[in-house]
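**Q** Below are the sequence and a predicted model for it; my questions follow.
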Amino acid sequence: MMKLGLIGYPLGHSWSPEIHSFFLKQDCYSLIELKEEELGPFLEKKEFDGLNVTIPYKQKVIPYLDELDPLAQEAGAVNTIVNQNGRLIGHNTDVEGFRDMIMAHGIDVKNGKTAVIGDGGVSKAIRCALKQLGADFCVTSRKHSPGSITMQELLDHASEYACLINATPLGMKPHDELMPADPSVFDHLKYAVDVIANPLRTKFLFEAKLKGCVTCGGFEMLVRQAAAADRWFADKHIPEAEILACMKSLYDQRRSVVLIGMPTSGKTTIAELLAEETGKKRIEMDEVIEAEMGMKICTCFQERGETYFRDLESSLCYSLKEAMGSVISCGGGVIKRKENMQALAENGLILWLDRPVDLLYGSSDRPLSSDREHILSLYQERRPYYERYADVRIENSGSVGDTLKQIRKAMEETL
Ligand SMILES: Nc1ncnc2c1ncn2[C@@H]1O[C@H](COP(=O)(O)OP(=O)(O)O)[C@@H](O)[C@H]1O
Ligand SMILES: O=C(O)C1=C[C@@H](OP(=O)(O)O)[C@@H](O)[C@H](O)C1
Ligand SMILES: [Mg+2]
């Protein structure tokens, strides 16, 4: 069996072992956390067939290598090392991972200006990919490196940019409240790309999606650079279908399905069936909140007011960022606060169950939907929000079987 691994510091959790065992059909990949002083001795022993390299060693490994391939040389960074009969050869598969990801999403960097935010290791690989694609791009740098622009210069010309790429760690867990720049000030932005893989959808991508941009994130780049690395490690070409299957399998484990929609649109009912069908854990937000309050939501609205309930709802959304692969059924009003939706969208696929107003009904135990007139005005008020936050609209007007079918399709198609 081959001996492969990932070196970096600190490593924390990484999806690389799962990804490589998916592609290579063997468990031969381990996480090797190395302190700076351990890096040289480890590489000199050469007791491995291949390595991936992550922060902070993409440049620091170079002096220990016998050869760099032309792309690694151009990038000035190495993320893949192959031990070829005792000679260590450095490659850079981030270039291919990034390039293939943006091409798969139809991101056209030839049509309009692109800005790469950040000039660290991964930024170098992105620049190589952008050059290959013939893009007109610039790079922002805090260090004023030659040829780069400042953040202020980028913002001063914000309306000129069609594509923004985050190559900084801003927005990565645990500082997921941060953004490298606010997409809303870029008037003509069409595409937003992030290299961050955790969370799946950074705040930067969430905001860009609200603007109607095409977005894609670092998790996909992680899978694609791994597929390219396996070509060096195992001389194995990983076909596109296999890459998509790997992403789907990992998304199934990592991403929750979040149901939003009007009261009585079917969220609770469909969530129960979906959880049963997929074996996923079901989280009914209103039940969790009622248990925490020790009272019914209706009573809470009467005795403590709506804001009291909404604050509990918001803090639950915040904790559900880590619900990993659950089915989450929300209360109808969850869309009233943008921060709720940003939290749920971090690691969630947001599905809007849209049920025709005529099929919605009022009931005495639902404080905000007591009669038909009220339901209609609530629908008119909320519809734009459901629409804005949803990744996919699911029409719940036929049988529950038909609705579940649409949901399965959405889960397949939104990688
Ligand atoms: N596709 C459907 N076909 C028939 N009845 C449905 C369908 N979807 C939902 N319902 C019914 O609508 C009612 C309200 O659904 P519920 O799941 O409580 O909604 P919510 O959680 O969104 O408030 C339930 O009686 C449920 O059985
Ligand atoms: O629409 C709303 O504002 C609410 C909907 C309810 O959930 P359902 O959508 O399951 O009825 C519940 O969260 C609360 O009464 C507030
Ligand atoms: Mg419900």
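**A** It's in. Ligands and ions are numbered 1, 2, ... in the order given.

**Q** Could you give the number of residues near residue 305?
**A** Residue 305 has 10 neighbouring residues, counting by other Cβ atoms under 10 Å. C-beta: built from backbone N, CA, C; applies to glycine.

**Q** Tell me how this protein divides into domains.
**A** 4-91+234-250, 96-216, 255-413 (the TED database).

**Q** For residue 227, which of those is the nearest?
**A** Proximity to residue 227 (Cβ to Cβ) singles out domain 4-91+234-250 among these, at 3.9 Å.

**Q** can you map out the strands along the stretch 1-150 of the chain?
**A** With DSSP state E, counting those that start in this stretch applied, the stretch 1-150 of the chain shows strands at 4-8, 29-33, 50-53, 67-68, 80-84, 87-91, 113-117, 136-140, listed in chain order.

**Q** would you list the domains of the chain in a markdown table and tack on distance to ligand 1 and mean pLDDT?
**A** Putting those into a markdown table (distance: least, Cβ to the nearest ligand atom, whole Å; pLDDT from 0 to 100) gives the following:
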| stretch | distance to ligand 1 | mean pLDDT |
| --- | --- | --- |
| domain 4-91+234-250 | 26 | 96 |
| domain 96-216 | 23 | 96 |
| domain 255-413 | 3 | 94 |
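
**Q** could you dump the ones you listed to a markdown table with distance to residue 228?
**A** Formatted as a markdown table, the entries for the domains of the chain read as follows, by distance: least, Cβ to Cβ, whole Å:
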| stretch | distance to residue 228 |
| --- | --- |
| domain 4-91+234-250 | 8 |
| domain 96-216 | 4 |
| domain 255-413 | 23 |
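
**Q** Out of those, which is the most enclosed?
**A** Sort the domains of the chain by mean neighbour count, taking mean count of other Cβ atoms under 10 Å, and domain 96-216 sits at the top with a mean of 19.

**Q** how long is that one from one end to the other?
**A** End-to-end distance of domain 96-216 (Cα to Cα, to the nearest Å): 15 Å.

**Q** Report the distance from that domain to the chain centre.
**A** Remark: domain 96-216 is offset 14 Å from the chain centroid, using Cα atoms, centre = their mean, to the nearest Å.

**Q** Stretch 94-108 too?
**A** Its chain's average C-alpha position is 15 Å from that of stretch 94-108, according to Cα atoms, centre = their mean.

**Q** Could you check how far the residue in the stretch 101-250 of the chain positioned nearest to ligand 2 is from residue 384?
**A** Closest residue of the stretch 101-250 of the chain to ligand 2, Cβ to the nearest ligand atom: residue 210 (20.9 Å). Shown here: residue 210 relative to residue 384, a distance of 12 Å by Cβ to Cβ, to the nearest Å.

**Q** and what of residue 409?
**A** As defined by Cβ to Cβ, residue 409 lies at a distance of 24 Å from residue 384.

**Q** and residue 281, what does it touch?
**A** Remark: with contacts taken as Cβ atoms under 8 Å, 6 or more residues apart in numbering, residue 281 is in contact with 275, 323, 325, 326, 327.

**Q** Looking at those residues, which are in helices?
**A** With helices defined by DSSP state H, the entries of the contacts of residue 281 inside them are residue 275.

**Q** Report the central residue of this protein.
**A** residue 200 (1.9 Å; Cα atoms, centre = their mean).

**Q** my guess is that one meets residue 344, correct?
**A** No: under the criterion of Cβ atoms under 8 Å, residue 200 is not in contact with residue 344, lying 11.7 Å apart.

**Q** Point out the residues in this structure that sit beside ligand 3.
**A** Taking Cβ under 5 Å from the ion as the test, the list of the chain residues beside ligand 3 reads 267, 268.

**Q** rerun at 8 Å
**A** By the rule Cβ under 8 Å from the ion, the part of the chain lying against ligand 3 is 263, 264, 267, 268, 269, 284, 286, 329, 331, 332.

**Q** Looking at those, which are in strands?
**A** 284, 329 (DSSP state E).

**Q** Just give me the closest of the residues of the chain next to ligand 3 to residue 401.
**A** Top of the list for closeness to residue 401, among these and by Cβ to Cβ, is residue 269 at 12.1 Å.

**Q** CA-only coordinates of the one helix or strand residue 206 maps to in CSV, if you can.
**A** Secondary structure assignment for residue 206, by DSSP states H and E: helix 203-210. Listed in CSV are the C-alpha atoms of helix 203-210, where the atom choice follows Å, rounded to 0.1, in the frame of the first residue of the first chain:
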residue,chain,number,x,y,z
LYS,A,203,-20.3,35.2,4.4
PHE,A,204,-18.6,36.7,1.3
LEU,A,205,-20.2,34.1,-0.9
PHE,A,206,-23.6,34.4,0.9
GLU,A,207,-23.6,38.2,0.2
ALA,A,208,-22.5,37.7,-3.4
LYS,A,209,-25.3,35.2,-4.0
LEU,A,210,-27.8,37.7,-2.7
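
**Q** near ligand 2, which residues of the stretch 151-300 of the chain?
**A** 263, 267, 268, 286, 297 (Cβ under 6 Å from any ligand atom).
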